[in-house]
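Engineer: Could you work out the structure for the sequence below:
(chains A, B, C and D)
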Amino acid sequence: MPVASIGPYQFESRDKVSNFHGNQLTYLHWEEHNMYCAALAYPLPPTMPFRAIVENLLPEAYGYHPEWAKVKWDQVTWMLDGRPFIPNLDASLAENGLGHKSVVRFWTPGLHGIGGTAT
Amino acid sequence: MAEPPAEQPGVPDINKRWVRVTGTHGDFVLFDFTIGDPDLTVELILPFPAFLEFCATNHAPATVEPAAQAAYERLHRRSWTIPLPQRRPGGASDRLL
Amino acid sequence: MSIADKSTAKPRKLGLKERYAHLTRGLGWETTYQPMSKVFPFTDYEGIKIHDWDKWQDPFRLTMDSYWKFQAEKERKLYAVIDSFAQNNGHLNITDARYVNAIKLFLTGVSPLEYSAHRGYAHVGRHFVGAGPRIACQMQAIDELRHAQTQIHTISHYNKFFDGLHDARHMHDHVWYLSVPKSFFEDACSAGPFEFLTAISFSFEYVLTSLLFVPFMSGAAYNGDMATVTFGFSAQSDEARHMTLGLEIIKFMLEQDEGNVPIVQRWIDKWFWRGYRLLTIVAMMMDYMLPKRVMSWAEAWEIYFEQGGGALFEDLSRYGIRMPKYHEVASKEKGRLSHEVWATFYNYTQATAFHTWIPEKDELDWLSAKYPETFDQLYRPRFEYWKEQSDQGKRFYNNVLPQLCVTCQIPMIFTEPDDPKTICFRSTLYKGERYHFCSDGCKDIFLYEPEKYIQSWLPVHQIYQGNCGGATVPEVLNWYHMSLGNDNMDYQGSPDETLWNEWTADRHKSAI
Amino acid sequence: MTYQLTIEPLGETIPIREGQTVLDACLRNGIFIPYQCNHGLCSTCKITVLEGEVDLGDASPFALMDFERDDKRALACCARPMSDITIEADVDIDPDALYLPVNDVVGTVVGLVDLTHDIKGVTLEVPGDGLPFQAGQYVNLTVPGLDEPRAFSLANAPSKANFPELHVRRVKDGKGTGWVHHDLKVGDKVPLSGPLGRFYVRKSAANPMIFIAGGSGLSSPKAMIEDLLEEGWSGPITLFHGVRQARDLYFDGLFRELEAKHGNFTYVPVLSESDGTDGWTGETGFVHEAAIRRYDGVFKGNKAYLCGPPLMVEASIRALMKGRLFEHDIYTESFLTKADDNAKRSPLFQAI
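Structural biologist: Next up is the predicted model:
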């Protein structure tokens, strides 16, 4: 029983992918940098190359942070939907396995936020 | 100041305020605050120094319920021996009660 | 003399209890030309079994007659006080105009809940078979409507002078962070009558409400906001009655049938967690928004939940009810909650219908003293960095919308119970689609009734779907009925601040 | 000067002295009006004056508002009669309460017996009307040198009103019980005040009855059961008496005799510290555990009377509630010593 109700109770997801005009939702989060209070939500075309995340979206969002310039990209570790992940920058989001409402978290070794406080 | 509005029967005088201490909790004072009329009473909690300041600011005479008397006096005595947190200039006198 | 002798000696008057029973029980009857199940379609489907409605102990024997009389008298005095404050420019007695932001949050986030509660109680008051709970609910429905009205009337005085108070009803239905309280109540109102009472009368009004009203009212009083204190008069004296209804419904369900126990436990678990998440804004109000503070959120949690709630759950354990699930997580979070949330509103001040600010140095010191284990270690550097940047004209804004929890609808800002540096991510797949949660508590709630929460109206997603006026900040603000540069952004430099400085400058002049 | 005080809805009329508060008169006559602060502050004891005049006394304006004064409301703890009066109070109409007046009497010690190694049986003689009471109620005993009287349940059947019987367990370092055990002699005069308390059998309910007693908590159940059997009560009655060892049992013989004589009465002594070498073949463990075994954990439909130390009472309440018997059908008399009852309680339960 999915819900206690007095009759049939079936609904479609309000956030099904077809409601996003060809985009899918993607959540990005820079770990240990909680000055950004939560993961960032983006509607992105599944055909977009992953490189666009790294080279356009992330710098735009996180560039303000004093540690952003110090990120060593060859050392970054990634996680996609709870599993370790190595992105192929030139492949599309879909080809990288990013689906609707996927979460991409990344860690930047040596950078632990302002004063080491995960800020 | 302007003349107060003509007295209506039973309109509470908002300048009359009372405080009744009902209990304590650690360094906090639990009290009932009344404006103008016993119907208009609200239950409040403040740290002891803030409580004193509050009574002074509101010119509210305070009574202490018998059940709370001992605990309240303990708090009062302690306030002379522990440093009070950040009193603001112009705050209330500790001697209010 | 035997008992029989006595009762025949003289017809005795009815006791208050009996008289009340006669005044109320007569309102219920067994239907004849329609089956009871059709007249009362909501009584069974939640799985709660009631064998004898007459076992309901009226917790508060108040008749409509005396209710009107008492409330009318109270209301008359109350409105006289409100008028008096307005005539005496009561808003000038507050400690600082910054304080009004707490009122803005209250009016847009809490007062509409009073109205929702009114609707909820009116609805369930219709649907209980027993006349006892029906009367209690109907009376509470009127209380809640009065509370909403009193609050709106009281706060309308501030609306004459300050921004952000002009369209609370519209904002409650549209603005991103207000979907948190709105969805909380809609979840309760769309549940069955027994769950509604467990959610609102018990979990909220009994277990958690002291955390909202006592510190909030104390903060208002201490900060010179006597207008808000006046609606405290109205609300608090009704609370006692509401709390007894919360206790009675729980006892009634637990005693009527053994099978009700696990259902009630699950509701207590759910509504404790939902209520606790809702109180996040109260934590922030107490620690950050009051110019003169009353107590820290952590202290309030200890006094009102850990100690007060502890005694209640010790008593409830006699029925086989245990502490709400994840209460220990709430206690682990008490040192972080307010800081994480205030930082969130600082992130998104551009879309917030009240002003934000970095706490002054003495306020940071207060927070350090109240949170010796977390504030300097985790949050103070963040605020100091932001302050430093802001002073250099580089105020921090988060320009990308946050990920939200599907259940509580709060941005996913909360950290792992045992690791305050790492955001807590939880998710599940339902019918092939991913759903994300801020906590195990919120995830559990979803898993039990996924069909309910897959309908969540998540503001961030709605903006991306194009349902919120447009894709740019000005368009969305316009849709929120929020005036850019007036209602939102930092307190520093706001029209509120400018006006307040003028007033207080005048005050200083006239004092000389 | 004495006036008449009539209490509605009971219809009881009692005497009230000039200057005596309404609350005091009621309590002294066995009529329980809910009250708390007893000096005009809390408004728990609010009443309506239906006829006659009272002096409202020192009732706080917070507790008794102006419009309530106009409506003839008063606080029982402050109101004093100025004429014969009739009041209406929020008293539960309890068909089983006898509302017996409290008397101050002097009893002469006529019997002192060691019931066990640490429980003394004291029998007093009160001449005239004696000390009428409802089985289950207690008396206050004035102990020389102590400010506060000590409370003891009456263990005799009410039919023996001239011979109040008390069971007094020696409490370590307890001044009152020490006096009873060491100083009291046959022939001594002892001032008593009673009957007090609302612990009595709800005969009107006609449910089967379970009595659970711990240690010297046997006193009230003994009075209640003797009373029931004397008057020919035919419903099932079960008494559980929990003690540590066989040497702690008393009136064992009496209850076995009653059990043999009355088919509806069952007696279950329970030893919590039986070591197997004492030849004990009866129930062992905690008394509530024995009750669970006997009733197969199902208590619904009974009325339960619990009398004894707080831990035993709490454990029994939990066992009964697990067996679906709730507050409405559970009556307790907890034996509190000075150290007990500091635990914070919620308002979930009123009576248990």
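Engineer: Chain C contacts on chain B?
Structural biologist: Contacts of chain B with chain C, taken as C-beta under 8 Å from any C-beta of the partner chain, map to B:5, B:8, B:10-12, B:14, B:25-26, B:28, B:33, B:35-37, B:39-47, B:50, B:54, B:57, B:85-86. (Each C-beta comes from the backbone N, C-alpha and C, glycine too.)
Engineer: where's the helix or strand bottoming out on mean pLDDT in chain B relative to the chain centroid, distance-wise?
Structural biologist: Across the helices and strands of chain B, the lowest-confidence element by mean pLDDT, DSSP states H and E is helix B:66-81, at a mean of 80. For helix B:66-81, the distance between its averaged C-alpha position and the chain's averaged C-alpha position is 14 Å (C-alpha atoms, centre = their mean, to the nearest Å).
Engineer: Next, see if that helix gets close to chain D.
Structural biologist: Yes: judged by C-beta under 8 Å from any C-beta, helix B:66-81 comes into contact with chain D at B:66, B:67.
Engineer: ranges for the helices of chain B?
Structural biologist: According to DSSP state H, chain B carries its helices in the segments B:48-57, B:66-81.
Engineer: Determine which stretch of those is the most buried.
Structural biologist: Each of the helices of chain B was scored by mean neighbour count; the highest is helix B:48-57, a mean of 22, by mean count of other C-beta atoms under 10 Å in any protein chain shown.
Engineer: Show the average pLDDT along that helix.
Structural biologist: For helix B:48-57, mean pLDDT is 93.
Engineer: how about stretch C:394-414: buried residues?
Structural biologist: By neighbour count with 16 or more other C-beta atoms under 10 Å in any protein chain shown, stretch C:394-414 contains the buried residues C:395-396, C:398, C:400-414.
Engineer: and that stretch, how far out from the chain's middle?
Structural biologist: Relative to where its chain is centred, stretch C:394-414 has its mean C-alpha point 21 Å off (C-alpha atoms, centre = their mean).
Engineer: Excluding chain neighbours, what is closest to residue C:296?
Structural biologist: Spatially, and ignoring its direct neighbours in sequence, residue C:296 is nearest to residue C:370 (3.9 Å; C-beta to C-beta, 6 or more residues apart in numbering or on different chains).
Engineer: For stretch C:471-487, give me every contacting residue.
Structural biologist: Counting by C-beta atoms under 8 Å, 6 or more residues apart in numbering or on different chains, stretch C:471-487 makes contact with C:163-164, C:166-167, C:170-171, C:174-175, C:350-351, C:353-354, C:463, C:468-470, C:488, C:494-495, all of which sit outside it.
Engineer: Just the buried ones among those, please.
Structural biologist: C:163-164, C:166-167, C:171, C:174-175, C:350-351, C:353-354, C:463, C:468, C:488, C:494.
Engineer: which among these gets closest to residue C:307?
Structural biologist: Within the buried ones among the contacts of stretch C:471-487, distances to residue C:307 taken as C-beta to C-beta reach their minimum at residue C:354, with 31.6 Å.
Engineer: didn't the closest one look like it was pressed against residue C:162?
Structural biologist: No: look at residue C:354 against residue C:162 with C-beta atoms under 8 Å: they stay out of range, at 9.7 Å.
Engineer: got any residues that touch both of those two?
Structural biologist: Common contacts of residue C:354 and residue C:162, defined by C-beta under 8 Å, 6+ apart, comprise residue C:104.
Engineer: Look through chain A and state the residue closest to chain D.
Structural biologist: Checking chain A residue by residue against chain D with C-beta to the nearest C-beta singles out residue A:4 as nearest, at 24.5 Å.
Engineer: In terms of helices and strands, where is that residue?
Structural biologist: Under the assignment given by DSSP states H and E, residue A:4 is not contained in any helix or strand.
Engineer: dump the residue contacts of it.
Structural biologist: Counting by C-beta under 8 Å, 6+ apart, residue A:4 makes contact with C:45, C:46, C:47, C:191, C:192, C:195, C:449.
Engineer: nearest spatial neighbour of the fifth one, skipping sequence neighbours?
Structural biologist: The shortest distance from residue C:192 to any residue that is not its chain neighbour, by C-beta to C-beta, 6+ apart, is 3.9 Å, and that residue is residue C:46.
Engineer: check contacts around that neighbour.
Structural biologist: By C-beta under 8 Å, 6+ apart, the contact set of residue C:46 is A:4, C:191, C:192, C:193, C:194, C:195, C:263.
Engineer: three-state assignment of it?
Structural biologist: coil (DSSP: H, G, I helix; E, B strand; the rest coil).
Engineer: follow-up on the earlier one: of the buried ones among the contacts of stretch C:471-487, closest to residue A:39?
Structural biologist: For residue A:39, the nearest member of the buried ones among the contacts of stretch C:471-487 is residue C:463. The distance, counting by C-beta to C-beta, is 16.0 Å.
Engineer: does the closest one belong to a helix or a strand, and which?
Structural biologist: In this structure, residue C:463 is located in helix C:459-465 according to DSSP H and E.
Engineer: ok, and for the next helix or strand after that helix, which residues are buried?
Structural biologist: Using DSSP H and E, the helix or strand that follows helix C:459-465 in sequence is helix C:473-480. Of the residues in helix C:473-480, those scored as buried under the neighbour-count criterion (16+ other C-beta under 10 Å) are C:476, C:477, C:479, C:480.
Engineer: Chain A: which of those residues is nearest?
Structural biologist: The closest of the buried residues of helix C:473-480, once distances to chain A are taken by C-beta to the nearest C-beta, is residue C:476, at 14.2 Å.
Engineer: Look up how far chain B lies from that closest one.
Structural biologist: Applying C-beta to the nearest C-beta, to the nearest Å, one obtains 38 Å for the distance of residue C:476 from chain B.
Engineer: so where's chain A uncertain?
Structural biologist: Along chain A, the parts satisfying pLDDT under 70 run over A:1-2.
Engineer: for it, longest helix please?
Structural biologist: Among all segments of chain A classified by DSSP H, the helix with the greatest residue count is helix A:58-62.
Engineer: to the chain's geometric centre, what's the distance from it?
Structural biologist: For helix A:58-62 - counting by C-alpha atoms, centre = their mean - the centre lies 12 Å from the chain centre.
Engineer: Wondering if it reaches chain C at all.
Structural biologist: Yes: taking C-beta under 8 Å from any C-beta as the criterion, helix A:58-62 and chain C are in contact, through A:60, A:61.
Engineer: Buried by neighbour count: which residues of that helix qualify?
Structural biologist: When burial is assessed from 16+ other C-beta under 10 Å, helix A:58-62 yields the following buried residues: A:58, A:61, A:62.
Engineer: Setting aside sequence neighbours, what's the nearest residue to the second one?
Structural biologist: With sequence-adjacent residues excluded and distances taken as C-beta to C-beta, 6+ apart, residue A:61 is closest to residue C:400, at 5.0 Å.
Engineer: do the same with the last one
Structural biologist: Leaving out its chain neighbours, the residue that sits closest to residue A:62 by C-beta to C-beta, 6+ apart is residue A:68, at 5.0 Å.
Engineer: count of residues packed around that neighbour?
Structural biologist: 16 (other C-beta atoms under 10 Å in any protein chain shown).
Engineer: Please look at residue C:270 and residue C:447 and confirm they touch.
Structural biologist: No: counting by C-beta under 8 Å, residue C:447 is not a contact partner of residue C:270; they are 11.0 Å apart.
Engineer: who's more crowded, the two?
Structural biologist: When neighbours are counted by other C-beta under 10 Å, residue C:270 and residue C:447 differ, and residue C:270 comes out ahead with 25 against 15.
Engineer: And the pLDDT at that one?
Structural biologist: For residue C:270, the pLDDT comes out at 98.
Engineer: Leaving out the residues flanking it, which one is nearest to it?
Structural biologist: In space, residue C:270 comes closest to residue C:445 once its chain neighbours are excluded; the distance is 5.2 Å by C-beta to C-beta, 6+ apart.
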